[in-house]
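[1] below is the sequence, then the predicted model.
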Amino acid sequence: QMKKIFLIISLTFFSFNSAFAVTLYDALNQTYKNNLELQAERKNLDVQNEVLNISKSDFLPTLTLKGTKNFEDTSKLTNQSGGDATVSDVNTQSASIKLEQTILDGKIGATYEKSKLGLNLSEAKLIKKEQEIFLKAIEAYTGLILAYETLSINEENVNLLQKQFEVDNARLSRAQITAADLAQSQSSLAGAQAGYIEAQNLIVTSKLLYQNVIGQINNDEKLQKIYNPKEKMPSSLDEAKKISEEKSPELIISEIEYGQSELDVKIAKSDLSPTAKISLERTYTDDLSATYDEREKDVLQATVSWPFQFGGKNKSTVNKNLQVKGMKRLLLDNAYRNNTQSVTASWSTLESSKSFLRAIQSQVKAAEIANEGISYEYENGLNRSTFDVLQSRSSLINAKISLAKAERNYLLAQFKLLKSVGLLSSSNLKLK
């Protein structure tokens, strides 16, 4: 009955700790909300939305209201013979309303299309920035976990070597070991203490990085370690390449920039194309002249213009934009090559980190068995020296630290693959 109660208490305590631990996705949500670089990039998206609205307005008619009021005061007026002429001052007042609509202008359409691409470009740049920041956040999060694990391993090592030194000191007093053996124990203890201090410093720097990228973390908050992302990983290199061709923000950015360069050529050419406008203006005038009092007039006007010469400026602008278009085409081709290389490298890193993790896991198991056996033989006087015990203990500690690093590197390799294919965005991570 007591065992059952203890089990229930233990499970409740574990659930309580897990419930209040900071998960990786909690940290990513915190980053998504608070990171200043992401906030700035989202502001840029708002800016581009307004740029698109400005471009839309060029398709709409313009309405102009105008009012004038003149006050005349003629002080002298003579006729041709030099005599005084009759002064007929008028205080003219007029009001007009004018509606104007562009009906033909190739530049407006091309500019609007470029603005739409500009909005898409801002969205792609936001995704790219998200992926960069989220990967930094994951590195900071897992780096802090690794720092705590390293501290724990070093602390355990110090405690064991402290006991080892005390036992060896007692054995020396019984002449079971030599002074050189005790010196080895003392040296190993001092090295372990130095490693513990270094691990404490690593926690300080890791926390600073965490706070810089993610945000504040309280000293009593625990980080929950995970070994695999919850996002679905590509099952093969070919699938990863296929996903990246659709999702990679770097590719999308290069494609959009090439599309914008094509529109820049079209905009430059449109400067030598005809434009047409139509307008309707109604004007009301009061006290028009000495002869007429009021006038109400409607004017319907159609204007067609076709520029033919800009002094060579337009031709140079077209040629310049054609050169830029060629450059963007080369950059787009290069982006596809870099994308293939990046995805292949990420996949290769993932596979090698997986194999390395398995090897380290085997190493830790073997080191544990070896250390346990050598310690037993040493304690029972079965021809094992202090050096053998210390060496096996050092191998085990190094293997445990290597395992913690390998687990982190394997997790990072998975997230780096997600980034290389374009799946480390806030939408794919379901961040809010």
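    Yep, it's here. Numbering: from 1, shown residues only.
[2] so for Leu300, what's the nearest residue that isn't a sequence neighbour?
    Leu280 (5.2 Å; Cβ to Cβ, 6 or more residues apart in numbering). (Glycine included, C-beta is placed from N, CA and C.)
[3] please name the strands paired to the one helix or strand that neighbour maps to in the sheet, noting orientation.
    Element membership of Leu280 [criterion: DSSP states H and E] is strand 275-286. With DSSP bridges as the test, strand 275-286 is paired with strand 93-104 (antiparallel), strand 294-305 (antiparallel).
[4] quick one: contacts for the residue nearest to Leu300?
    Lys98, Leu99, Asp298, Val299, Leu300, Gln301 (Cβ atoms under 8 Å, 6 or more residues apart in numbering).
[5] give me the buried entries from those.
    Lys98 (16 or more other Cβ atoms under 10 Å).
[6] distance of the residue lying farthest from the centre of the chain relative to Gly373?
    Outermost residue of the chain with respect to the C-alpha centroid, by Cα atoms, centre = their mean, is Ser81; its distance is 86.0 Å. Ser81 sits 137 Å away from Gly373 when distances are taken as Cβ to Cβ, to the nearest Å.
[7] now do Tyr258
    65 Å.
[8] so which of these two has more stuff around it?
    Legend: neighbour count by other Cβ atoms under 10 Å for Tyr258 and Gly373, higher for Tyr258 (20 against 13).
[9] ok, that one to Glu166 distance?
    Applying Cβ to Cβ to Tyr258 and Glu166 gives a distance of 72 Å.
[10] for Pro61, same thing?
    93 Å.
[11] burial of Ser392, as a residue count?
    21.
[12] show me which positions of the one helix or strand it maps to end up buried.
    Using DSSP H and E, Ser392 sits in helix 386-421. Under the neighbour-count criterion of 16+ other Cβ under 10 Å, helix 386-421 has 386, 389-397, 399-421 buried.
[13] what residues are up against Val213?
    Thr31, Asn35, Ile133, Lys136, Ala137, Ala140.
[14] which residue comes closest to Thr303 once chain neighbours are left out?
    Lys277 (4.8 Å).
[15] rewinding a little: select, out of the strands paired with strand 275-286, the one closest to Ala335.
    Set against Ala335 and scored by Cβ to Cβ, those come closest in strand 93-104, at 37.0 Å.
[16] what residues sit buried inside that closest one?
    Gln93, Ser94, Ser96, Lys98, Thr102.
[17] dump the residues you listed into JSON lines; add pLDDT as well.
    Shown next, in JSON lines, are the buried residues of strand 93-104 (pLDDT from 0 to 100):
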{"residue": "Gln93", "pLDDT": "87"}
{"residue": "Ser94", "pLDDT": "89"}
{"residue": "Ser96", "pLDDT": "92"}
{"residue": "Lys98", "pLDDT": "93"}
{"residue": "Thr102", "pLDDT": "91"}
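[18] from the residues you listed, which is closest to Asn339?
    Thr102 (41.5 Å).
[19] separation between the nearest residue to the closest one once chain neighbours are set aside and Lys416?
    Distances taken as Cβ to Cβ, 6+ apart put Lys277 closest to Thr102, at 5.2 Å, once the chain neighbours are dropped. For Lys277, the distance to Lys416 equals 55 Å [Cβ to Cβ].
[20] just the element for Leu369, please.
    Not quite, residue 369 is Ile, not Leu. Going by DSSP H and E, Ile369 is in helix 313-379.
[21] what angle separates that helix from helix 386-421?
    Here the directions of helix 313-379 and helix 386-421 differ by 160 degrees (axes from the mean of the first three to the mean of the last three Cα atoms, to 10 degrees).
[22] average pLDDT for the helix holding Ser392, rounded please.
    In this model, helix 386-421 has a mean pLDDT of 93.
[23] buried sites along the very next helix or strand once past that helix?
    Under the assignment DSSP H and E, the closest C-terminal helix or strand after helix 386-421 is helix 426-429. For helix 426-429, the neighbour count (16+ other Cβ under 10 Å) marks Ser426, Asn428, Leu429 as buried.
[24] in TSV, list those residues along with distance to Glu294 and pLDDT.
    Listed next are the buried residues of helix 426-429 as TSV, based on distance: Cβ to Cβ, whole Å; pLDDT from 0 to 100:
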residue	distance to Glu294	pLDDT
Ser426	65	95
Asn428	70	94
Leu429	71	94
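[25] against Arg42, how distant is Ser353?
    From Ser353 over to Arg42 (counting by Cβ to Cβ), the distance is 33 Å.
[26] same check, this time on Thr64
    Taken as Cβ to Cβ, the span from Thr64 to Arg42 is 37 Å.
[27] thinking again about what came up before, per-residue pLDDT, the residue nearest to Thr303?
    At Lys277, pLDDT is 93.
[28] A helix includes the residue farthest from the centre of the chain, no?
    No. Applying DSSP: H, G, I helix; E, B strand; the rest coil, one finds Ser81 to be coil, outside a helix.
[29] which residues does Ile214 contact?
    Ala27, Gln30, Thr31, Asn34, Asn35, Ala137, Ala140, Tyr141.
[30] in three-state terms, label the second one for me.
    Under three-state DSSP, Gln30 falls in the helix class.
[31] not counting sequence-adjacent ones, nearest residue to it?
    Gly215 (4.8 Å).
[32] cool, and Ile226?
    Leu24 (5.8 Å).
[33] pretty sure Glu231 is in a strand, no?
    No. Counting by three-state DSSP, Glu231 is not part of a strand but coil.
[34] that one and Ile138, how far apart?
    12 Å.
[35] over to Ser420?
    14 Å.
[36] same check, this time on Glu132
    Relative to Ile138, and taking Cβ to Cβ, Glu132 is found at 11 Å.
[37] which one's more surrounded, these two?
    Ile138 (26 against 15).
[38] my read is that that one contacts Leu412, right?
    Yes. Between Ile138 and Leu412 there is a contact under Cβ atoms under 8 Å: 6.7 Å.
[39] shaky segments in the stretch 1-150 of the chain?
    1-20, 74, 87 (pLDDT under 70).
[40] all strands of it, in order?
    62-69, 93-104 (DSSP state E, counting those that start in this stretch).
[41] got those strands as CSV, with distance to Leu208 columns?
    CSV is the format used below for the strands of the stretch 1-150 of the chain (distance: least, Cβ to Cβ, whole Å):
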stretch, distance to Leu208
strand 62-69, 56
strand 93-104, 57
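[42] out of these, which gets nearest to Ser55?
    Comparing the strands of the stretch 1-150 of the chain by Cβ to Cβ, strand 93-104 comes nearest, at 13.0 Å.
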